[in-house]
Each structure stands twice: as structure tokens, then as C-alpha cells.
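J.: Whatever this is, show me its structure:
(one chain, ligands or ions: 1)
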Amino acid sequence: MNIASLAGLRIVVSAGPTFEDIDPVRFIGNRSSGKMGFAVAAAAAQRGARVALVAGPVSLPTPAGVERINVRSAAQMHGAVMAALPADVYVGAAAVADFAPAHAVASKIKKQAGQDSLTLTLVRTRDILADVADHAQRPRVVVGFAAETDHVEAYARGKLEKKRLDLIAANRVGESGSGFESDDNALTVYAVDGSVHALGPAAKTQLADELLDLIAARLNQGPATTA
Ligand code: CTP
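T.: This next block holds a predicted model:
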């Protein structure tokens, strides 16, 4: 494998789920394990990059040589990612909640006698990836992830364009041997220049290395162009 050096570059990676608190004992979360983002952070540090890893609530060990910033909610992740900029590369591997409770309640919500339903009002969170891509000091390469159950290519290309990304790594979730909790995965990476790269099925550690090769190639290409 071609090991492109990333020495001297700053890379910000987000990883894991976010937890959106409903009350002191309940939250809305998701099944992201954080393994893919942690693997990208580890591999980038091994190649000499200065890596900031903004991690949602996961119990994975911090990769060697990586600066880890722990967060819980989408709002906290947004703040931590923005504070970690400027950077040469942003890899948004976190599964960020798209909606969060409008108000976290300070005391535990109690059910009332005869109550047979509960309505929660959720509001949209800010899109970290889109905000990074729109940032005044935009990283030269902005990479998103798309976990989809259907129409993987159409949805992934839609996100690539709408969020003004350089690369998007798409994977089909809900199949065994791929997706959230697994150590393995298969990714299809769509680039803004129209190229398509099938990675894996392989261990997430290997996919991380292959993804970094694509990122290194884009860094060498200069400004992004649309196909
Ligand atoms: N993302 C983000 N901030 C958000 C939501 C998502 O940065 N508030 C990033 C994720 O890190 C990932 C990509 O956006 O890189 C996922 O794209 P998105 O369109 O949000 O996918 P889904 O959350 O699956 O949304 P949808 O229901 O539209 O498929």
C-alpha cells in the first residue's frame, strides 16, 4: 500500500454518536461505535499529522499521539469542532443527531396516572459538516460519511453536493459484516471530481488507511473542482 505522509498537516476528526438529553436519566442516542473515526485518527497520527479527535460518548481508548476532546451532544460537538479549526483536513465520521429535544428538563420526567402518550418536541441541530465546509478558513479537504439503508449512491452524491464536500464515504447500514458496531466495513467513496472508489470489505483500520490515501491524493491535487 502507498503510505502517503501527512507530516505537518492538521487533521480534525469527529467520531462516535451524540447523546441528546431529555432529562437527567434519559437521552436520544444512536448506534455509532466510533470505531471508524478513531481508526482514521490513529492512522493519520501514524502518518505524522497533528490530529484532534472530537469524540462523542464512546469508551474506546485514545489512539497514540492524538489530542482527544470528549463531548456529549451535537451542540457540544459543533463547538469543539469549530474551536479545533483551522485545519488542513476535516473528517466528519461522527453520527451527529439531526434533532435534539427543544428543552432538556432539569428533573426526571414522571408519568402521570392515566397518561398513555408523551410528546417530545425536537428541533434541528446545526450541521457541523456543512458549517466546516462553509467556514471562512475552510479545510482544504472536507470529508463526510453517509450511512444509508437505501439509494446509497443517490443520497451520498446529494450530500456531497449540498454540503460542498470534497469526498463522501458511503456505506450501507443494516447488513451483517458492515456498519456501526462491526470491526469491518465496506465504503464507496465519491469525490467531487466525479471519481468513485470502492474500499473493502476490510477492517476499519485498513479502510482508514485507504481513505487517508484518497485524502492525500486530493491534497496534492490543489483546489477542488466539480465534475
Ligand atoms: N453531520 C454533521 N452535523 C449534523 C448532522 C450530520 O456534521 N448535525 C455529518 C456527519 O458527521 C456525516 C454526515 O453529516 O459526515 C451525514 O450526513 P447527513 O445528511 O446528516 O446524514 P444523516 O444524519 O444520515 O441524515 P439524513 O437523515 O438526511 O440521511
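J.: May I see the buried residues of stretch 51-62?
T.: 51-58, 60 (16 or more other Cβ atoms under 10 Å). For the C-beta atoms, the positions are set from N, CA and C on the backbone; glycine is no exception.
J.: So which residues on the protein come close to the ligand?
T.: 14, 74, 92, 94, 96, 98, 125, 127-129, 144-147, 159 (Cβ under 6 Å from any ligand atom).
J.: What are the contacting residues of the lengthiest helix in the chain?
T.: Secondary structure assigned by DSSP state H gives helix 204-221 as the longest helix of the chain. Helix 204-221 is contacted from outside by 1-6, 9, 35-36, 39-40, 42-44, 47, 88-89, 91, 140-141, 143, 166-167, 169, 182-185, 187, 189, 191, 193, 197, 199-200, 202, 224, using Cβ atoms under 8 Å, 6 or more residues apart in numbering.
J.: returning to that earlier point: make a PyMOL selection of whichever of the residues of the chain next to the ligand turn out to be buried.
T.: Filtering the residues of the chain next to the ligand down to the buried ones (16+ other Cβ under 10 Å) takes a single PyMOL command:
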select buried, resi 14+74+92+94+96+125+127+128+129+144+145+146+147+159
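J.: Of the residues of the chain next to the ligand, which is the nearest to residue 25?
T.: Checking these against residue 25 by Cβ to Cβ gives residue 74 as the nearest, at 19.5 Å.
J.: which residues touch that closest one?
T.: The contact partners of residue 74, by Cβ under 8 Å, 6+ apart, come to 18, 20, 96-97, 100, 125-126, 128.
J.: Taking these, tell me the two that lie furthest apart.
T.: Greatest spacing in the contacts of residue 74, by Cβ to Cβ: 20 and 128 (14.1 Å).
J.: then the helix or strand where residue 129 lies to PDB, C-alphas only?
T.: Taking DSSP states H and E as the definition, residue 129 sits inside helix 128-133. Extracted C-alpha coordinates of helix 128-133, given in PDB (Å, rounded to 0.1, in the frame of the first residue of the first chain):
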ATOM      1  CA  ILE A 128     -21.300  20.600  11.700                       C
ATOM      2  CA  LEU A 129     -20.000  19.200   8.400                       C
ATOM      3  CA  ALA A 130     -21.800  21.900   6.300                       C
ATOM      4  CA  ASP A 131     -20.600  24.600   8.600                       C
ATOM      5  CA  VAL A 132     -17.000  23.400   8.400                       C
ATOM      6  CA  ALA A 133     -17.200  23.400   4.600                       C
END
